[in-house]
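Asker: need coordinates for the below:
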Amino acid sequence: MDSGITVLVAEDQSSLLYCYQLGLKRAGFRTIAYDSAKDLMEHAGEADVLVVDAQLPSFPGLEGIVAVGQLLESGQLSDRVPVIFISLLEKETPQCQQKLREAKLSDDRYVWLRKPFEVDLLVRRIHDELTRRR
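Answerer: Numbers count the residues shown, from 1 in each chain. A predicted model of the protein is given here:
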């Protein structure tokens, strides 16, 4: 069953990317996948939901957060598009808090999921955020 919702997943670990895509497709979402912040920036407009590795492509840059901040600042990302950050790091780490402040991302603009997590949790969060933002 196709929900008509496209989820862009930006994750640089290919095994995780595969698992997320498979689980999201099983839940009825269309998925597009990228492994870099550059591709995220270029293709964000094609998605109804963004699932972004905060550390994309690797620590300590936290390029996923930076890319989402730039998309919001430039007006390329609507407030209706949910953003779900995924990371091995806790949101409260100093590096994450600094990047979130620099990107001007308020707590109500994104969801943070700490890896590892079940794909079912990701699916529930996507549904919750779509309901909240529509």
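Asker: flag the shaky bits of this protein, pLDDT-wise.
Answerer: Low-confidence regions of the chain, defined by pLDDT under 70, span residues 1-2, 57-61.
Asker: now do the contacts for the closest residue to Asp53 other than its chain neighbours.
Answerer: Counting by Cβ to Cβ, 6 or more residues apart in numbering, Glu11 is the residue found nearest to Asp53 once chain neighbours are left out, at 4.6 Å. Yep, even glycine has a C-beta here, placed from its N, CA and C like the rest. With contact taken as Cβ atoms under 8 Å, 6 or more residues apart in numbering, Glu11 is in contact with 17, 20, 33, 35, 51, 53, 56, 86.
Asker: how about 10 Å then?
Answerer: By Cβ atoms under 10 Å, 6 or more residues apart in numbering, the contact set of Glu11 is 17-21, 33-35, 51-53, 55-57, 64, 86, 115.
Asker: can you give me the helices for the chain?
Answerer: Counting by DSSP state H, one finds helices in the chain at the ranges 14-26, 37-43, 63-73, 94-102, 119-133.
Asker: what's the span of stretch 78-96, first residue to last?
Answerer: Distance across stretch 78-96, first residue to last, is 23 Å (Cα to Cα, to the nearest Å).
Asker: what does stretch 18-33 give?
Answerer: 9 Å.
Asker: for the protein, which residue occupies the most central location?
Answerer: The structure's the chain has its C-alpha centroid closest to Val51; by Cα atoms, centre = their mean the separation is 2.2 Å.
Asker: that one bridge partners, please.
Answerer: Val9, Ile84 (DSSP bridges).
Asker: so it makes contact with Val81?
Answerer: No: contact criterion Cβ atoms under 10 Å: Val51 and Val81 do not qualify, at 11.2 Å.
Asker: hey, what's in contact with both of the two?
Answerer: Leu8.
Asker: where does Val83 sit relative to Arg26, distance-wise?
Answerer: Distance of Val83 to Arg26, given as Cβ to Cβ, to the nearest Å: 22 Å.
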